[in-house]
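Chemist: this one's sequence-less:
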């Protein structure tokens, strides 16, 4: 039998087994993730200690991300404005279209989804490596032995902190993005200030902001919980911590995109 | 007192602990010894509940730990102290914050009382004035001593030590052993130490349990261990040339 035909037969033979294994692994991950998240929401041992941890996590996860979010939002706003202007160079299109397109792109998609993907890279990898390192150096076992629920102690403040701050980060990204579009558009001469302002005010639907803020809260939960899950179940050493960190970013991003689709379908159609 | 009754533990079909029954006495330093891979760390992790046993019971002063729910286990663990192999201090916290950790979570002490208690524990392990240092600024022996201070801060009833001397020079190792033995008596604890360091056995081994291929092979004390006829234990104890020569001298 030719080798390629033998391979083909082998693939056909083992395909159901492989598919079953993949499905089983996915189900195992979902089950373990759900149990971990349920475990997070148990009663904290001391409210004052958890409050201090919450404030610290708000600083580490939220405030420390403001810089990168602001820089990216500014430049993306500018690029969106210039690209829209260059692609709509037609007398049939009104000049305020640049502001309108920049506003809707930023409000609907960039400030919630794209910023969430940026945060998944920055915050997600940091959470997974922090918790993963604690796991491999037995610090999580130490918490368990002390009678502390490690899931609640380590994960819950992170989830709450980012869920509280995500809407503020999103609003900041919107403001900076719109400002970036205005500066980029006017400095490059593709749109006047008056036309840009007319554009960003034209046919404004406030619900878009609600939609964007709801998405940002859901994405904050996904980033923190998925990354914590990967960190919490790290086994081995430094290599595995790095792997968990990468997986945290990849899986958070995929789940964010999936939920973006679901939420858009639910809230905008 | 801790009683282990007929526990079994396997990983993916491979038996690591087989029908292990042993008791650890109060106010004694109980040592679990054995070669690497013999199952002593798994036994210790089963005793403290970091691993679930497949069958059998573990009793703390008569209370069955294996049948307790998560909340009950959390409660009984507040009476545990544990010294991990790598100390397992929280990297982001200072020495003082590491030791104060359980006080913040489980007591209603005032800040002054907490400070006094932390200083008492630091004095007890001869680390006065090191309150503000981070774990990364400490040597291996100092980390172990901070971990001991953290373990005893709430007057535990049970102390568990997983290879407390690994990575330490012989003199520091003896200091750590002595500290463990002293605080066992001082705090009236049941101490279980997992080690393969024969110096520890001879220094502090009031009760020694030798585990081999996942089974309890021998039990006794540090005096009896040198005269045992048990072949596997003899091979373990007299593995080094130094100990063999000491035995020869002793025979002469």
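Modeler: Cool, the structure landed. In this text, all values refer to a predicted model and were calculated from it rather than measured experimentally.

Chemist: near chain B at all, the helix or strand harbouring residue A:170?
Modeler: Under the criterion of DSSP states H and E, residue A:170 resides in helix A:156-188. No - on the criterion Cβ under 8 Å from any Cβ of the partner chain, helix A:156-188 is out of touch with chain B, staying 13.1 Å away. No exception for glycine: its C-beta is placed from N, CA and C like everyone else's.

Chemist: Count the neighbours of residue 225 for me.
Modeler: Using chain A here. 21 (other Cβ atoms under 10 Å in any protein chain shown).

Chemist: my bad, chain B
Modeler: By other Cβ under 10 Å, 22 other residues sit near residue B:225.

Chemist: Which pLDDT value goes with the nearest residue to residue A:150 once chain neighbours are set aside?
Modeler: Of all residues not flanking residue A:150 in the chain, residue A:143 sits nearest, at 4.2 Å (Cβ to Cβ, 6 or more residues apart in numbering or on different chains). If you check residue A:143, the pLDDT there is 93.

Chemist: name the helices or strands packed onto the helix holding residue A:170?
Modeler: Taking 3 or more Cβ pairs under 8 Å, 6 or more residues apart in numbering or on different chains; DSSP states H and E as contact, the helices and strands that helix A:156-188 lies on are helix A:47-57, helix A:66-87, helix A:97-105, helix A:115-119, helix A:193-201, helix A:207-232.

Chemist: redo that, cut-off 10 Å
Modeler: Applying 3 or more Cβ pairs under 10 Å, 6 or more residues apart in numbering or on different chains; DSSP states H and E, we find helix A:156-188 packed against helix A:3-40, helix A:47-57, helix A:66-87, helix A:97-105, helix A:115-119, helix A:125-136, helix A:193-201, helix A:207-232.

Chemist: any idea of the mean pLDDT for the first one?
Modeler: I take that to be helix A:3-40. 78.

Chemist: related to what we said a few turns ago, from the chain's centroid, how far away is the helix holding residue A:170?
Modeler: 13 Å (Cα atoms, centre = their mean, to the nearest Å).

Chemist: for the chain, which spans come out with low pLDDT?
Modeler: I went with chain A, as the question did not name one. Applying pLDDT under 70 to chain A flags residues A:1-19.

Chemist: oops, chain B please
Modeler: By pLDDT under 70, the weakly predicted segments of chain B are B:240, B:242-244, B:246-252.

Chemist: re the thing from before, of all the helices and strands packed on helix A:156-188, which one comes closest to residue B:108?
Modeler: When the helices and strands packed on helix A:156-188 are compared by Cβ to Cβ, helix A:47-57 sits nearest residue B:108, at 10.5 Å.

Chemist: so what does the closest one touch, helix or strand wise?
Modeler: helix A:150-154, helix A:156-188, helix B:95-106.

Chemist: what's around residue A:215, how many residues?
Modeler: Residue A:215 is flanked by 26 other residues according to other Cβ under 10 Å.

Chemist: Could you find the closest non-adjacent residue to it?
Modeler: Residue A:215 sits nearest to residue A:112 (Cβ to Cβ, 6+ apart), 4.1 Å away.

Chemist: residues contacting residue 80?
Modeler: This is for chain A. Counting by Cβ atoms under 10 Å, 6 or more residues apart in numbering or on different chains, residue A:80 touches A:98, A:101-106, A:110, A:177-178, A:180-181, A:184-185.

Chemist: hmm, I had chain B in mind actually
Modeler: Applying Cβ under 10 Å, 6+ apart, the residues near residue B:80 are A:144-147, B:47-49, B:60, B:151, B:154, B:156-160, B:189.

Chemist: Tell me if residue B:82 really is in a strand.
Modeler: Yes - under DSSP: H, G, I helix; E, B strand; the rest coil, residue B:82 sits within a strand.

Chemist: just checking, it touches residue A:142?
Modeler: Yes - contact criterion Cβ atoms under 10 Å: residue B:82 and residue A:142 qualify, at 6.8 Å.

Chemist: what touches both of the two?
Modeler: Joint contacts of residue B:82 and residue A:142 (Cβ under 10 Å, 6+ apart) are B:88, B:147, B:150, B:151.

Chemist: beta partners for the spatially most central residue of chain B?
Modeler: Nearest to the mean C-alpha position of chain B, by Cα atoms, centre = their mean, lies residue B:161 at 1.8 Å. The partner list for residue B:161 in beta bridges (DSSP bridges) reads residue B:83, residue B:193.

Chemist: How about the contacts made by it?
Modeler: Residue B:161 makes contacts with B:29, B:31-32, B:44, B:81-85, B:144, B:147-148, B:151, B:176-177, B:180, B:191-195, B:200, as judged by Cβ under 10 Å, 6+ apart.

Chemist: got it, and residue A:79?
Modeler: So residue A:79 contacts A:102, A:180, A:181, A:184 (Cβ under 10 Å, 6+ apart).

Chemist: does the first one really touch residue A:73, like I thought?
Modeler: No - the pair residue A:102 / residue A:73 is not scored as a contact, 11.4 Å apart, by Cβ under 10 Å.

Chemist: For the two, indicate the residue with more neighbours.
Modeler: Neighbour count, other Cβ under 10 Å: between residue A:102 and residue A:73, residue A:102 has more, with 32 against 28.

Chemist: Could you say which helix or strand holds residue B:4?
Modeler: Applying DSSP H and E as the criterion places residue B:4 in strand B:2-11.
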